[in-house]
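Asker: No sequence on hand, only this structure:
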């Protein structure tokens, strides 16, 4: 009684929403800080003390009605509340040991919380064993809903509640990523001592609850503080004791359902920002707590913690780090995952097993991906004119997985199994274990990635093989820059910005204010070009202007070719020059370009003529062409017509807008790829420019496509300069040929990416850089694979480096073979699977309607989860959606892909769609995941150490927030970025001090929304945010990240911000919760249909048997 009296007095004195005495609610901006506790009042003898909830349990929580629990009446604003009815005699009272703290409104006393917190009986050392799934509880709660909506997450090995006394560490890294292993656990189900009385009371109270729901109207006060992104599951059995030992040989061990029905689980504090209209779930909607479903933020954070203190060893057997994880890899014979990733690291032993898994067996390659400084560079090995040792059967290159036999005189190829004689100059004896005595000293026998210097026979052949011309001698790369100087280009300011960007590329940039040391200033003034690079500049409108930049000239000489239909090269010398030797002429040209064509009245720009001229100039050398175009080319070779028709948007005929309208671009692109020429295309349209046709040029040659709609020098200038600089700064090869080899029993079925494919095995690129990826589908051929052996893959890239050396880069990977479907799922990689599926769907965009592609994506997700449910979790109830540990993020990623600009529904400009389709073809896995599910963090409550290095030198990054407007507050400031752009959203009630610290203004009206770079101000917040932006750029290999401003209810950019909140209902698609329910509904329908069909077959067979006998 003393406990109840104290609670009643406390509620009357402080209001129903006040926290219990002894618990101090953390103020906004100080989440995670330790709070002081006050002494609790003394209790009567024998009375158990009320223990306030732990800090980990102090989080917003909604009132939840459970079967067998009395319905809580609504509470008035006066702060009084009714006590829950006492349990019958003989039933122990709860003492609050595991009670949860309710959420408190921003203004106490208004719209008091629905229902008081329930104090649950403390768990004794020998608790009553709970059922594993609690299907009866879930079924009663969801009897009137669309379907049962319990979701279970599986992991291996067995996970225990984090606060259990018997909890032990996870036995594998992958199992530690299980979403249900969190610091704070869900409230356990209240138990009664008499089973018969419990069932009777439950039936009576369920009837009372239905009447109360019809009579009462509940209003929930918005939660002041957004829920923590990584919440534990609110399931009544989350604190149940760990189950007993599982049967041996079980592939996966199933855990509790991770969510159940909630009453208003998350109430937003702001209206949803402007966004493209979304869709709602058809049929009854079940309220699900968004905090209890799998979160990319939580999973990525858990994976990051695994590799913060220890490196990733590439020879280990198991899954690799997630693509979002910042890890240090040690090459032990398998290549770094940054170069090559598989959809699963346990290869099915037969095609039947692969088909049963329903997941694509594929790889994603990024041959020139940038490594961390600590990982070093790819080793370079020179075997002289004899070249690297190669297999006599499949022509595979020597690698760490080859086995030497006969005392070192031969080796067995790991790809085809053929024996090859070791050349005398490469011979070495074997030790007692059969290893070469010099294996650790040979990089090609110890490292999974290696560069071989290619001998003369690997040089590029000039002309056709029948012409018998000498091969092309490798030399440093040659680069041509062709600039549109039409009236539209001059009006937008593009020419001036491009000229400044080229000067920065050739001669470095001026040192910034923060670079005060001599070393920093010297680094800023260095060129971005590789040593020996030669450059050329041309301009074009209705004619093509060439410039003589010969060394020794102070001013450039212009030569104009007006006949664009029959272009030729007017220069023999002075076109390609050394930028340092011809610096006076180059600088004079770039400085004068904006004024030279300032008065032009030419509105056409013929892009075909400069491409043909570049082909003539580079045909005997290979190299790279970068074009800057502002309008649709309507004259000269490759002239196009406007075919934009908004009436086709959203129809089956829309796909015609994504196919090239002129075959000339494919023909010229194939010629450039054949000659080793890559084309980069920068587009600056203010109206339709037919990206679908123009993008064929970089698509066939392996070049870049950059898109600047309605170019603004203030807003887009920094991004343009950064992208131009990146062309020279990243590792690039030209005259590239690639081939992927697999071990016996496997083959490459098809490829996706930006390349030219002359035959079924070889891919050709004019240029291939560090940002480009290629995906390949792997299929079984022949019989069953031997599980005692490994599956091997080798990617060989023959290229000429930017410095002029012919090389062969090899990436090798060895993975185990399995006949267990559970292992295929256990070691699957959801990021790589998503990347391959994305590339495959945009490949089909020209032949299928976008609506069919979106449905196909959802079907792929359903089939993968259904396959796991049928083959690895068949003993569970059909009413549960079982999410495998490796694929629990597949639904949210698939939904995000359907919301991407490439394939989402609604009216999207065809040029924008075509640009993103081309981007998805070659984007890396890491960049793709962050493009689809952006990263968001709050900056109005940054921790004091965020944005600064810790003791180990790593930058402290604050906890990310899930992308939903329900996580936002009106006084907040949030940055959301997807690798392409960062948007700073400012609430209408944001503190003026934040504006002063970031931009030096005091009100939202004073901000210049055209700014795309944070000013350098001497404030702590400014330094924190700038450091976080630089850290995000460094994670993407130095890509520039513009920071744009979106003020609440003031700027049109807020719609882009609202569309980036992918967990919300927008982009002509459902919210994350609704989409998960839809996936569950589809899977359940298939399972129920299969069960009915099986039952019908059994009844038919029984009837037939009865009729016969």
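Answerer: Received, thanks. None of these values were measured; they are calculated from a predicted model. Numbering: from 1, shown residues only.
Asker: Tell me, how many residues neighbour the residue nearest to residue 553 when sequence neighbours are not counted?
Answerer: Excluding its sequence neighbours, the residue lying closest to residue 553 (Cβ to Cβ, 6 or more residues apart in numbering) is residue 585, at 4.5 Å. C-beta: built from backbone N, CA, C; applies to glycine. Per other Cβ atoms under 10 Å, the neighbour tally for residue 585 reads 23.
Asker: in which helix or strand would I find the residue nearest the centre of the chain?
Answerer: The centre of the chain sits closest to residue 929, judged by Cα atoms, centre = their mean, with a distance of 1.0 Å. Element membership of residue 929 [criterion: DSSP states H and E] is helix 925-932.
Asker: Equivalent analysis for residue 585, please.
Answerer: Per DSSP H and E: helix 583-596 holds residue 585.
Asker: and that helix, what other elements does it pack with?
Answerer: helix 494-507, strand 534-540 (3 or more Cβ pairs under 8 Å, 6 or more residues apart in numbering; DSSP states H and E).
Asker: mean confidence score for it?
Answerer: Per-residue pLDDT over helix 583-596 has a mean of 96.
Asker: Pull out the buried positions in the helix or strand that that helix is followed by.
Answerer: The helix or strand immediately downstream of helix 583-596 is helix 608-618, counting by DSSP H and E. For helix 608-618, the neighbour count (16 or more other Cβ atoms under 10 Å) marks 608-615, 617-618 as buried.
Asker: Same question for stretch 674-687.
Answerer: Those would be 674-685, for stretch 674-687 by 16+ other Cβ under 10 Å.
Asker: How about stretch 1034-1050?
Answerer: Per 16+ other Cβ under 10 Å, stretch 1034-1050 contains these buried residues: 1035-1037, 1039-1048.
Asker: Is it possible to get those out as TSV so that each row also shows secondary structure, pLDDT and distance to residue 311?
Answerer: Output for the buried residues of stretch 1034-1050, formatted as TSV (DSSP: H, G, I helix; E, B strand; the rest coil; pLDDT from 0 to 100; distance: Cβ to Cβ, whole Å):
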residue	secondary structure	pLDDT	distance to residue 311
1035	helix	86	18
1036	coil	82	22
1037	coil	76	20
1039	coil	83	25
1040	coil	89	29
1041	coil	93	27
1042	coil	94	34
1043	strand	96	33
1044	strand	96	37
1045	strand	96	40
1046	strand	96	40
1047	strand	97	44
1048	coil	95	44
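Asker: Residue 1087: what's its closest spatial neighbour, skipping adjacent residues?
Answerer: For residue 1087, the spatially nearest residue (Cβ to Cβ, 6+ apart) is residue 878, at 4.5 Å.
Asker: Report the secondary structure element holding the nearest residue to residue 1074 once chain neighbours are set aside.
Answerer: Nearest non-adjacent residue to residue 1074, counting by Cβ to Cβ, 6+ apart: residue 281, 4.0 Å away. Counting by DSSP H and E, no helix or strand carries residue 281.
Asker: how close does residue 281 get to residue 1019?
Answerer: Residue 281 sits 46 Å away from residue 1019, going by Cβ to Cβ, to the nearest Å.
Asker: Between these two, tell me which one has more neighbours.
Answerer: Between residue 281 and residue 1019, residue 281 has the larger neighbour count (other Cβ under 10 Å), namely 18 against 15.
Asker: pLDDT value on the more buried one, please?
Answerer: Looking at residue 281, the pLDDT reads 88.
Asker: now it: how far from residue 755?
Answerer: Residue 281 sits 41 Å away from residue 755, going by Cβ to Cβ.
Asker: And residue 877, what's its pLDDT?
Answerer: 76.
Asker: Just give the closest residue to residue 780, not the sequence neighbours.
Answerer: According to Cβ to Cβ, 6+ apart, the nearest residue to residue 780 is residue 351 (3.9 Å).
Asker: Could I get the full set of strands for the stretch 601-750 of the chain?
Answerer: With strands called from DSSP state E, counting those that start in this stretch, the stretch 601-750 of the chain shows them at 623-629, 677-683, 705-707, 732-742, 746-752.
Asker: Touching, residue 1042 and residue 1012? I think so.
Answerer: Yes - under the criterion of Cβ atoms under 8 Å, residue 1042 makes contact with residue 1012 at 3.8 Å.
Asker: hey, what's in contact with both of these two?
Answerer: In terms of Cβ atoms under 8 Å, 6 or more residues apart in numbering, residue 1042 and residue 1012 are both contacted by the residues 715-716, 718-719.
Asker: Let me know the closest of those residues to residue 598.
Answerer: For the shared contacts of residue 1042 and residue 1012, the minimum distance to residue 598 (Cβ to Cβ) is 20.4 Å, reached by residue 716.
Asker: number of nearby residues for the closest one?
Answerer: So residue 716, with other Cβ under 10 Å, has 22 neighbours.
Asker: Doesn't residue 1081 lie inside a strand?
Answerer: No - the assignment for residue 1081, made by DSSP: H, G, I helix; E, B strand; the rest coil, is helix rather than a strand.
Asker: what separates it from residue 868, distance-wise?
Answerer: From residue 1081 to residue 868 the distance is 17 Å (Cβ to Cβ).
Asker: Among the two, which residue is more densely surrounded?
Answerer: Taking other Cβ under 10 Å, residue 1081 and residue 868 do not tie; residue 868 has more neighbours (26 against 18).
Asker: Check the contact between the more buried one and residue 882; I expect there is one.
Answerer: Yes - in this structure residue 868 lies within contact range of residue 882 using Cβ under 8 Å: 6.5 Å.
Asker: Now the common contact residues for those two.
Answerer: Common neighbours of residue 868 and residue 882 (Cβ under 8 Å, 6+ apart) do not exist.
Asker: any weak-confidence spans in the stretch 751-900 of the chain?
Answerer: Flagging of the stretch 751-900 of the chain using pLDDT under 70 yields an empty set of residue ranges.
Asker: just the strands in it please.
Answerer: For the stretch 751-900 of the chain, the strands defined by DSSP E, counting those that start in this stretch occupy 762-769, 774-780, 790-801, 806-818, 880-883.
Asker: same thing with the stretch 201-350 of the chain?
Answerer: According to DSSP E, counting those that start in this stretch, the strands that the stretch 201-350 of the chain contains are 253-259, 312-313, 329-330, 340-342, 347-348.
Asker: The stretch 901-1050 of the chain now?
Answerer: 935-938, 973-977, 982-986, 1043-1047.
Asker: closest to residue 505 out of those?
Answerer: With Cβ to Cβ as the measure, strand 1043-1047 is the member of these nearest residue 505 (23.2 Å).
Asker: quick check: domain ranges of the protein?
Answerer: 296-330, 485-511+525-729, 829-933+1071-1108, 938-1069 (the TED database).
Asker: Columns distance to residue 746 on top of those, output as a markdown table?
Answerer: Shown next, in a markdown table, are these (distance: least, Cβ to Cβ, whole Å):
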| stretch | distance to residue 746 |
| --- | --- |
| domain 296-330 | 19 |
| domain 485-511+525-729 | 26 |
| domain 829-933+1071-1108 | 16 |
| domain 938-1069 | 31 |
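Asker: closest to residue 287 out of these?
Answerer: Nearest of these to residue 287, taken as Cβ to Cβ: domain 829-933+1071-1108 at 8.4 Å.
Asker: Just the pLDDT at the residue nearest to residue 315 when sequence neighbours are not counted, thanks.
Answerer: Distance criterion Cβ to Cβ, 6+ apart; nearest residue to residue 315, sequence neighbours excluded, is residue 332 at 3.6 Å. Looking at residue 332, its pLDDT reads 96.
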